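Engineer: Show me the folded form of this:
(2 chains)
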Amino acid sequence: MAPRSRIDLKSVAGRELHVEEHTQLLVIGAGPAGLAAAIDAAGRGIAVVLVDENPVSFKAMGEEVPQHYGQGMTGAARNRNAMMESFIASMPQIEAAFEAGVDVRLGTACWGLYGNGSGVGWLPGTVVGLNDEERCWLMGAEQVIVAAGRRDMGLGFPGWEKPGVMGATAAVSLARLHGAFAPRRIVMLGTSTEALTAALALRDAGIEIAAIIEQAPEPVGPADLVSALRGGDCEFLSGHVVREALGRETVEAALVAAINATGHPVGEARRIDCDGIVLAVGTTPVVDLLDALGCTIAFQPERSGYAPVVDADQRTSRRNVFAVGDCAGIWSSKSRDPRVSESEARRAVAAILSELGSGDGRAGQETVLPDPPTYDLSAYRLEWVRASIIEAHTEFNICQCEEVTAREILEVRPPRYLDWQAERRNDRSLATLLGEGPPNPDQVKRLTRAGMGPCQGRRCREQVAALLALEAATPLSAIPLAKYRAPVRPLPLSIVAQIPESEDQVEHWDVWFGIDAQWRPFWDVPELYTVATNEAKGPVESE
Amino acid sequence: MSEPAMSDTKGASVVIVGGGVTGLSAGWWLARDGVDVLVIEKGMIGWEASGRNGGGCTHGHSPLFLEEQRLWPQMNELLGYPTEFSRKRIRLALNEEQLALYSRSLPNAARQGFTFDRLDPKQIRELVPLAGDNVAGGYLYHFGGHANPHRTLQAYAWAMQDHGGRLIQHCAVTGFRSEGGRVTGIETERGLVGCDHLVIAAGPQTGRLSAMLGQEVPMASARAEMIVTEPLPLMAYTGIDGNGLYGRQTLRGNLAYGGGPHEWLELPDDHPPAKPSTPLMGHIARRLQELLPGAAHARIIRSWAGIIENTPDGRPVIDSLSSRSNVLVATMSSVGFGLSPASGRAIRDLVVDGICSFADISSFRLARFAKLEPNWRELQGWRFVPAEAV
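Structural biologist: Sure, this is the predicted structure:
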């Protein structure tokens, strides 16, 4: 053991982090996969905490966190108690989890997942950041199962910022979990299994599906789902896009048009009256916590895009962190049958039991591999972006938070607030950045600010990646994942500030490195520096 | 391994290894002088500390201070691209101890002709709408300011290219070719690149690369963290910091701040280090909430970390290697961004003229470490100490 005097007191080495509570297993997300994992683990004698951010507060929904709600909630979403009751009522397994002895925490978000690894070593094991409306704290967990679910790729068109344009995942959760979905008649974009099952769920909740729009020449999802939706008042318009969301303040109609093979609109645009436009052109695994932790994430089209690399036990590249359910990958048969996610959950629990020495490691569950893709996911998403954004008749903001258009992204324009008028010597654009290496969304983000706003890029990151891919003429897989960072939910300073600090950290806190010699004025610097003769004394005044 | 083939990349009169703020500023200064210059970067420019810092431009202790102050107000125009430079700074103290501490650097600036005012709490609340009743006092600097690090970095790169300088990214340096005490070529992943002069400004990698040339620049690297909030209404002065934090309100309105403990690391040689952030975010947030109580409701939308190198005394090295006469090494030792307009010019002067024309940078010499204890990292405690080893 190194003597304390040899530790830099201004560093984190040896610092105690205040971790308020500990659990054997933390499960993040109380969807079908998370619930199955928590109930299974509790039944096998593991101490389990299960957290889920739902019901999300009306305010958070209004800020498009954690899904793209598009202001589609009814006033019922303001009543938190009613939202809690409807959530529990719609998920009977929650009751079962309570009964199984799971420590269930609803309305509790996980905003950070931390652990020692490359570049960090001072943490006391795996630590998660949790918060509710009033409080923020850290929890230690020996094992973590992430079941964070899915999210929708945003897709812009003129008017898509209007209330009433929303993601399918948000629409279904409002309608099915809470009965708090405002639109009564919608137009849906996309025909994958995920889109069609969302449409069916909305129809079952009493919402009229006016039309399902698909840019591809034919629906890409299974024929039986198409048949189930076709007929009645629901029209399938393949080879079409939404040209504009019409309406004075909120969506009143979708203006749709046929497109040719290059995505260019042809013929008369047609108006379809609706009060909601639901985006389901791309469903992606929620990998924010896993990426922020440093788990290996790879573009896997058979898993619907960027997804964690998992082994047969659903283990990520971190030994004690598992991913189950949609966040581990989304494919057709999994979206249609919750037993696939539940089987993933049980395999993860079996691996954890084996790790704890109290199981044989067998879940009695077959490993289910993703379906072979039935369509080219990358080309499909790129075609949507080309037809909807590149071919749009007018400019609009792709990044709604920071107000950045597609052209501004492709030209790598300085943000508008700078009002930068100076004549540039050369024409700098994405093309010139591309000449210097593969396109990187984080680089474009820092220069244009697209994706840097309070919605944390949830509505624009897949579109920005697609724009870069189209410009660079590469598939989506060539565009690196824009890094996720904690907090993966926006958190007020006053809430995060509650994380307690050790006394010796407070005592030794310094603005910068606390190197006494560093700030000595240059006219007063000794000719030779050795540790033994260093006379510079603190407290120093970092500049 | 066989000898690398000659690269497709044409050699240059000056090759700069490292596309951080120091290397790119030097590249720009050289290119605008008509020097044939090439910057080689192993990843993307500014992807390490250069693009991840607080953006402050106020360094009265440095021999480059006068030039820093002279150049910043002109940088948008000189570069032809926006840097988001914003003048002046207000440093707030929440107690008498901080007030005394923050007064210490001001004589350095005053001695060089720069002025400041001491502010009382009432004045502060007028100038800084987000400040609160907890403020004890502060200082208004009539100099300095801050800029946007990543935007500035890109501006250096583009401006250098406008003057004919070249940049290669995603190309790691693997070795050097020497003849007669001089480096003649740089071995890279893409082959050999010839040079007349070599500048190593590779941040945390500078030590390792200089060691390959027989004279190691002593340094250690650490991870430090920052946070940023959603945008808030722009204040009249945006260079507001104090209470143990550095940072600024960006011109977009976000509060971007850092401070507090760092973590010393052992860096991998073969791949870019991971840069995870940790729950220190909460401790930075608490100090920011105390500094600007009017922003307590503001939501943090990101935290991030950067890897930063320091020499044993925390002071820069800008000097030629004695082992290779045409090689210059440059590290600003964790204080590089604000001083970059001046450090690049100093490097240009040393490469082209052999002497810095505008400042006495003798305190940046490598010779000051001639008697440095070999186990200096151990002695200073600048070691990676994993939790289980404590």
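Engineer: which stretches of chain B have low pLDDT?
Structural biologist: For chain B, the stretches with pLDDT under 70 are B:1-7.
Engineer: what residue is smack in the middle of it?
Structural biologist: Nearest to the mean C-alpha position of chain B, by Cα atoms, centre = their mean, lies B:Gly336 at 2.5 Å.
Engineer: Now the element after the helix or strand hosting A:Ala170, going C-ward?
Structural biologist: Using DSSP states H and E, A:Ala170 sits within helix A:168-172. Per DSSP H and E, helix A:168-172 leads on to strand A:185-189 as the next helix or strand towards the C-terminus.
Engineer: Show the secondary-structure elements that the very next helix or strand once past that following strand is packed against.
Structural biologist: Beyond strand A:185-189 on the C-terminal side, the first helix or strand identified by DSSP H and E is helix A:193-204. Applying 3 or more Cβ pairs under 8 Å, 6 or more residues apart in numbering or on different chains; DSSP states H and E, we find helix A:193-204 packed against helix A:168-172, strand A:185-189, strand A:208-214, helix A:223-229, strand A:276-279, helix A:332-336. C-beta: built from backbone N, CA, C; applies to glycine.
Engineer: picking that back up, let me see the contact set for the residue nearest to the centre of chain B.
Structural biologist: Counting by Cβ atoms under 8 Å, 6 or more residues apart in numbering or on different chains, B:Gly336 touches B:20-22, B:49-50, B:53, B:316, B:343.
Engineer: Am I right that it is in a strand?
Structural biologist: No: looking at B:Gly336 with DSSP: H, G, I helix; E, B strand; the rest coil, it is coil, so not inside a strand.
Engineer: hmm, back to that, output the contacts of B:Gly336 in TSV, with secondary structure and neighbour count appended to each entry.
Structural biologist: Converted to TSV, those look like this (DSSP: H, G, I helix; E, B strand; the rest coil; neighbours: other Cβ atoms under 10 Å in any protein chain shown):
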residue	secondary structure	neighbour count
B:Gly20	coil	31
B:Val21	helix	31
B:Thr22	helix	30
B:Ala49	helix	26
B:Ser50	helix	29
B:Asn53	coil	24
B:Pro316	coil	27
B:Ser343	helix	31
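Engineer: May I see these organised as JSON lines, with distance to B:Arg324 added?
Structural biologist: Compiled in JSON lines, the contacts of B:Gly336 are given as follows (distance: Cβ to Cβ, whole Å):
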{"residue": "B:Gly20", "distance to B:Arg324": "21"}
{"residue": "B:Val21", "distance to B:Arg324": "24"}
{"residue": "B:Thr22", "distance to B:Arg324": "19"}
{"residue": "B:Ala49", "distance to B:Arg324": "26"}
{"residue": "B:Ser50", "distance to B:Arg324": "25"}
{"residue": "B:Asn53", "distance to B:Arg324": "30"}
{"residue": "B:Pro316", "distance to B:Arg324": "20"}
{"residue": "B:Ser343", "distance to B:Arg324": "21"}
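Engineer: quick one: which of those residues is nearest to B:Ile227?
Structural biologist: B:Asn53 (13.3 Å; Cβ to Cβ).
Engineer: what number of residues lie near the nearest residue to that closest one once chain neighbours are set aside?
Structural biologist: Of all residues not flanking B:Asn53 in the chain, B:Phe337 sits nearest, at 4.9 Å (Cβ to Cβ, 6 or more residues apart in numbering or on different chains). Each residue near B:Phe337 was counted by other Cβ atoms under 10 Å in any protein chain shown, and the total is 29.
Engineer: so how far is chain A from B:Phe337?
Structural biologist: Distance, B:Phe337 to chain A, by Cβ to the nearest Cβ, to the nearest Å: 12 Å.
Engineer: Could you pull up the residues touching that residue?
Structural biologist: Neighbouring residues of B:Phe337 by Cβ under 8 Å, 6+ apart: B:21, B:50, B:53-57, B:147, B:149, B:152.
Engineer: Check A:Arg203 too.
Structural biologist: Per Cβ under 8 Å, 6+ apart, neighbours of A:Arg203: A:209, A:229, A:234.
Engineer: Swap in 10 Å and give it another go.
Structural biologist: A:175, A:186, A:209, A:228-229, A:232, A:234 (Cβ atoms under 10 Å, 6 or more residues apart in numbering or on different chains).
Engineer: Rebuild the residues you listed as TSV, extending it with distance to A:His264 and pLDDT.
Structural biologist: As requested, the contacts of A:Arg203 are arranged in TSV below (distance: Cβ to Cβ, whole Å; pLDDT from 0 to 100):
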residue	distance to A:His264	pLDDT
A:Ala175	35	96
A:Ile186	26	98
A:Ile209	27	97
A:Ala228	32	95
A:Leu229	28	95
A:Gly232	31	71
A:Cys234	26	92
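Engineer: Give me the PyMOL select line for those residues, limited to the buried ones.
Structural biologist: Burial among the contacts of A:Arg203 is assessed by 16 or more other Cβ atoms under 10 Å in any protein chain shown; the matching PyMOL selection reads:
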select buried, chain A and resi 175+186+209+229+234
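Engineer: Residue in the stretch 251-400 of chain A with the shortest distance to chain B?
Structural biologist: Proximity of the stretch 251-400 of chain A to chain B (Cβ to the nearest Cβ) peaks at A:Gly294, 5.7 Å away.
Engineer: Pull the number of nearby residues for that residue.
Structural biologist: Count around A:Gly294 with other Cβ under 10 Å applied: 22.
Engineer: surely it meets A:Val287?
Structural biologist: No: under the criterion of Cβ atoms under 10 Å, A:Gly294 is not in contact with A:Val287, lying 11.8 Å apart.
Engineer: For B:Gly175, which non-adjacent residue is spatially closest?
Structural biologist: Nearest residue to B:Gly175, sequence neighbours excluded (Cβ to Cβ, 6+ apart): B:Glu187, at 3.9 Å.
Engineer: Which parts of the stretch 351-500 of chain A are strands?
Structural biologist: Ranges of strands within the stretch 351-500 of chain A are A:397-399, A:404-405, A:491-492, based on DSSP state E, counting those that start in this stretch.
Engineer: for the stretch 151-300 of chain B, same thing?
Structural biologist: Using DSSP E, counting those that start in this stretch, strands in the stretch 151-300 of chain B cover B:166-168, B:173-179, B:182-188, B:191-200, B:220-229, B:240-242, B:246-249, B:255-258, B:263-265, B:299-310.
Engineer: where in the stretch 401-543 of chain A is pLDDT low?
Structural biologist: Those would be A:422-427, A:432, A:434-437, A:541, A:543, if you go by pLDDT under 70 across the stretch 401-543 of chain A.
Engineer: again, only using 80
Structural biologist: Residues of the stretch 401-543 of chain A meeting the criterion pLDDT under 80: A:421-438, A:538-543.
Engineer: Figure out the length between the terminal residues of stretch B:373-390.
Structural biologist: 24 Å (Cα to Cα, to the nearest Å).
Engineer: Can you tell me, leaving aside adjacent residues, what's nearest to whichever residue of the stretch 151-300 of chain B sits closest to chain A?
Structural biologist: Residue nearest to chain A within the stretch 151-300 of chain B: B:Gly282 (3.1 Å; Cβ to the nearest Cβ). With sequence-adjacent residues excluded and distances taken as Cβ to Cβ, 6+ apart, B:Gly282 is closest to A:Ile499, at 3.1 Å.
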